[in-house]
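*Asks:* output the structure for:
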Amino acid sequence: MKRLSQILISMSVCVGVFAQQATSPNGKISVVSKGDGYVVAYEGKKVIDIPAVGYTNSHAGVLRLSKWISADYQMLSGKRLHCSNEANEYRADIANGQRLVMRLYNDGIAFRYELTSLRDEPLPKERTAYLIPEGTKRWMMQWNDAYEGFFPLSTTAKVRPERGADRRAVSTEGFNTRWGYPALIEPANGVFVLISEANIERRQSASCLYSEAECFKVTPAECDINVSGEWHSPWRTIIIGSLADVVQSTLITDVAEPSKLSDTSWIKPGAVSWIYWAYNHGSNDYNIIRKYVDMAVALHLPYVLIDAEWDTMKDGKTIEDAVGYAVSKGVKPMIWYNSSVGWIDGAPTPKFRLNQPEDREREFAWCEKIGVAGVKIDFFSGDSFLNMDYCIDLLESAAKHHLLVNFHGATVPRGWQRTYPNLMSTEGVYGAEWYNNVPTFTAKAARHNATLPFTRNVIGPMDYTPCTFSDSQHPHITTRAHELALTVLYESALQHLADKPESYLAQPSSVQQFLGELPTVWDETRLLSGYPGESVVMARRSGATWYIAGINGRDEAQTLEIGHIDSGNVNTGAAPRVIQLFADSDTNPGEWNISSPQSLPSEIICQPRGGFVLKVQGY
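*Replies:* From the prediction side, this is the model:
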């Protein structure tokens with residue numbers, strides 16, 4: 001009661017006296033009404049203002065406690081296999097026929113709108129907005145339909161459009177006004193807020209943020225439908241707390257619909273050998289495909305991905321020949337498709353094979369028959385409800401034929417990985433593929449890499465295609481240990497290893513063994529230290545083995561703190577059986593320093609743009 005009184009007094013000082021306060025079960029997060037919206041506080045400090053909610057004629061209704069929510073479920077992939085959270089759910093009437101449902105979880109809030117008594121009419125225009133004052137630190141990506149952009153540190157919304165940003169969304173002063181999810185801000189020292197959304201269903205579009213000065217408005221993409229009866233929006237989500245709270249949060253899947261699949265025994269995450277990065281047109285060459293199958297065999301990888309243009313294979317060979325070769329070697333093949341709704345003219349093939357239900361059914365049945373294990377579907381055209389419905393169609397149809405799915409050139413995850421667990425990964429990231437495209441990535445990669453664990457990868461799997469030791473069209477200047485660390489830092493149920501076979505097979509045998517044993521799903525995840533763009537050290541557990549990985553985002557050496565795993569220090573307790581350290585040479589960053597220390601270090605000095613991985617077995 002004393003603690004509750006302290007929070008109420010603090011809130012009165014910060015934002016005035018209000019009639020009612022909603023709180024999370026742990027008491028850390030609270031919400032009070034203010035004008036037409038609400039103010040959210042963390043441990044008594046205001047962290048974000050939601051100045052407007054709902055639709056036309058909406059107001060901030062009185063939040064009435066409805067029920068206690070318990071989220072306790074198993075995942076097949078992700079940062080944690082067993083997920084649990086709890087929330088207090090509140091409801092408020094915000095206009096005639098409009099209701100706000102708000103859940104205050106222990107690590108954030110989620111709210112959505114329920115509309116009733118619709119009479120074959122278009123959906124009204126949403127008014128939700130977030131206030132991000134100038135001077136607030138933020139890491140936000142300028143929106144583009146593939147969500148491939150940087151998350152640079154800034155303290156202002158007044159920034160010029162970057163390459164690839166929506167050129168239609170520019171203010172009269174020439175500043176970008178359209179922003180993609182997730183958006184990370186630091187409203188108070190050491191307190192962070194990550195804004196996104198979750199649980200896109202049929203007849204719903206995804207949204208983004210449009211900025212007008214300090215006001216960032218939630219703006220759904222095209223949803224040109226008439227609705228009768230009831231309808232509800234996706235969940236608007238705000239993860240709140242320390243950096244560790246944000247990184248470790250499962251809020252996006254906590255509010256997603258449970259799995260729609262009764263049988264998931266065929267869903268097997270794993271590492272993949274991937275042709276495109278080194279050979280842009282290699283998937284129409286049977287001999288190159290064989291090289292990547294043989295690499296998968298040598299490294300004990302379960303999958304190979306045969307990318308675009310497999311339908312125009314040379315020398316009289318066909319995709320069935322390539323699939324047959326992989327299957328004969330015990331490697332599961334996956335193949336690429338053009339979604340044929342985004343980039344079509346001049347884009348690679350195969351095209352128009354998945355758009356119509358009967359064509360999609362025929363194609364996926366053929367995939368299953370010849371031994372294809374999954375499909376990578378590319379080049380979607382944005383966040384409209386048509387694209388969202390199409391993605392759901394693809395996931396459901398693929399599941400009927402036991403096909404894993406990887407979406408590329410697509411929107412970021414919004415919880416589908418729980419609802420449709422055959423969704424293994426999604427691109428939606430400025431990843432290693434960009435070494436193919438422009439020279440820009442070379443100088444920015446290290447800092448960008450050290451930002452993604454705090455932004456994009458928080459909300460779901462991320463197909464960055466990591467771990468490139470050699471160069472593609474444009475060089476990289478991150479170290480070998482930095483690249484290896486990305487395979488642990490970046491969560492993706494299908495982890496595509498992008499480099500050439502000869503590059504991987506030239507690495508020390510211990511590195512090859514590491515890649516062959518690499519888990520792609522985790523029992524738990526812990527952020528140990530770091531700050532966006534500067535550095536990150538993360539621990540992930542698979543069974544009795546911990547993988548501790550860290551990278552330096554700076555151009556100068558720095559010491560990275562390893563700190564703690566779970567509730568105990570990594571240097572205390574029962575002694576681990578085996579420790580392997582993969583680090584950079586102190587004298588030559590282009591070389592390995594691989595050792596077996598007797599105890600876990602508390603810190604590691606990282607070379608400029610360097611990294612490390614500790615594999616701790618039996619801890």
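*Asks:* could you list the low-pLDDT ranges of the stretch 501-619 of the chain?
*Replies:* The model of the stretch 501-619 of the chain has pLDDT under 70 over residues 564-576, 619.
*Asks:* how about the strands of it, start to end?
*Replies:* 524-531, 535-542, 545-552, 558-561, 564-565, 568-569, 578-584, 592-595, 603-606, 611-617 (DSSP state E, counting those that start in this stretch).
*Asks:* tell me where the stretch 1-150 of the chain has strands.
*Replies:* Under DSSP E, counting those that start in this stretch, the stretch 1-150 of the chain gives strands at 21-23, 29-34, 37-42, 45-52, 64-74, 82-95, 98-105, 108-122, 129-131, 137-142.
*Asks:* quick one on the thing from earlier: highest mean neighbour count out of the strands of the stretch 501-619 of the chain?
*Replies:* strand 545-552 (a mean of 27; mean count of other Cβ atoms under 10 Å). Any C-beta I mention is one placed from the backbone N, CA and C, and that applies to glycine too.
*Asks:* biggest helix in this protein by residues?
*Replies:* Ranked by residue count, the top helix of the chain under DSSP state H comes out as helix 385-400.
*Asks:* now for that one, which elements pack on it?
*Replies:* Applying 3 or more Cβ pairs under 8 Å, 6 or more residues apart in numbering; DSSP states H and E, one finds that helix 385-400 makes contact with helix 357-370, strand 374-378, strand 404-407, helix 416-419.
*Asks:* okay, and the nearest residue to D359 once chain neighbours are set aside sits in which element?
*Replies:* Sequence neighbours aside, R353 is the residue nearest to D359 in space, at 5.8 Å (criterion: Cβ to Cβ, 6 or more residues apart in numbering). Assigned by DSSP states H and E, R353 falls within no helix or strand.
*Asks:* and V101, what is it in contact with?
*Replies:* Under the criterion of Cβ atoms under 8 Å, 6 or more residues apart in numbering, the neighbours of V101 are 66, 89-91, 111-114, 232.
*Asks:* for A244, what is the enclosing helix or strand?
*Replies:* A244 belongs to helix 243-248, assigned by DSSP H and E.
*Asks:* right, and E309 touches S283 too?
*Replies:* Yes. Using Cβ atoms under 8 Å, E309 is in contact with S283, at 5.5 Å.
*Asks:* follow-up on the earlier one: closest one to G61 among the helices and strands packed on helix 385-400?
*Replies:* helix 416-419 (29.1 Å; Cβ to Cβ).
*Asks:* now for whatever helix or strand comes next after the closest one, which elements pack on it?
*Replies:* For helix 416-419, the succeeding helix or strand toward the C-terminus, using DSSP H and E, is strand 423-426. If contacts are counted by 3+ Cβ pairs under 8 Å, 6+ apart, strand 423-426 sits against strand 404-407, helix 416-419, strand 494-497.
*Asks:* redo that, cut-off 6 Å
*Replies:* strand 404-407 (3 or more Cβ pairs under 6 Å, 6 or more residues apart in numbering; DSSP states H and E).
*Asks:* who are the packing partners of the strand it packs on?
*Replies:* Strand 404-407 packs on strand 374-378, strand 423-426, going by 3+ Cβ pairs under 6 Å, 6+ apart.
*Asks:* low-confidence ranges in the chain?
*Replies:* Residues of the chain that meet the cut-off, pLDDT under 70, sit at 1-19, 564-576, 619.
*Asks:* hang on, the earlier thing: which other residues reach the longest helix of the chain?
*Replies:* With contacts defined as Cβ atoms under 6 Å, 6 or more residues apart in numbering, helix 385-400 is touched by 200, 202, 204-205, 223, 261, 360, 364, 380, 405, 420, 422-423.
*Asks:* taking strand 374-378 as reference, get the angle to it.
*Replies:* Counting by axes from the mean of the first three to the mean of the last three Cα atoms, to 10 degrees, helix 385-400 lies at 170 degrees to strand 374-378.
*Asks:* for helix 385-400, output the C-alpha coordinates as PDB.
*Replies:* Listed next in PDB are the C-alpha coordinates belonging to helix 385-400 (Å, rounded to 0.1, in the frame of the first residue of the first chain):
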ATOM      1  CA  PHE A 385      -4.800  -5.800 -45.800                       C
ATOM      2  CA  LEU A 386      -4.500  -7.500 -49.200                       C
ATOM      3  CA  ASN A 387      -0.800  -8.300 -48.400                       C
ATOM      4  CA  MET A 388      -1.600  -9.400 -44.900                       C
ATOM      5  CA  ASP A 389      -4.400 -11.700 -46.100                       C
ATOM      6  CA  TYR A 390      -2.100 -13.000 -48.800                       C
ATOM      7  CA  CYS A 391       0.600 -13.800 -46.200                       C
ATOM      8  CA  ILE A 392      -1.900 -15.700 -44.000                       C
ATOM      9  CA  ASP A 393      -3.100 -17.600 -47.100                       C
ATOM     10  CA  LEU A 394       0.400 -18.600 -47.900                       C
ATOM     11  CA  LEU A 395       1.100 -19.700 -44.300                       C
ATOM     12  CA  GLU A 396      -2.000 -21.800 -44.100                       C
ATOM     13  CA  SER A 397      -1.600 -23.400 -47.500                       C
ATOM     14  CA  ALA A 398       2.100 -24.200 -46.800                       C
ATOM     15  CA  ALA A 399       1.200 -25.800 -43.500                       C
ATOM     16  CA  LYS A 400      -1.200 -28.200 -45.300                       C
END
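*Asks:* chain center to that helix, what's the gap?
*Replies:* 19 Å (Cα atoms, centre = their mean, to the nearest Å).
*Asks:* name the residues of that helix that are buried.
*Replies:* For helix 385-400, burial by neighbour count (16 or more other Cβ atoms under 10 Å) applies to 385-392, 394-395, 397-399.
*Asks:* got it, and stretch 258-274?
*Replies:* 259, 261, 267-274.
*Asks:* could those residues go into JSON lines alongside secondary structure?
*Replies:* Supplementary listing: the buried residues of stretch 258-274 in JSON lines, determined by DSSP: H, G, I helix; E, B strand; the rest coil:
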{"residue": "S259", "secondary structure": "coil"}
{"residue": "L261", "secondary structure": "coil"}
{"residue": "I267", "secondary structure": "coil"}
{"residue": "K268", "secondary structure": "coil"}
{"residue": "P269", "secondary structure": "coil"}
{"residue": "G270", "secondary structure": "strand"}
{"residue": "A271", "secondary structure": "strand"}
{"residue": "V272", "secondary structure": "strand"}
{"residue": "S273", "secondary structure": "strand"}
{"residue": "W274", "secondary structure": "strand"}
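*Asks:* as CSV, those with distance to A443 would be great.
*Replies:* As requested, these are arranged in CSV below (distance: Cβ to Cβ, whole Å):
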residue, distance to A443
S259, 42
L261, 44
I267, 39
K268, 38
P269, 33
G270, 33
A271, 29
V272, 28
S273, 28
W274, 24
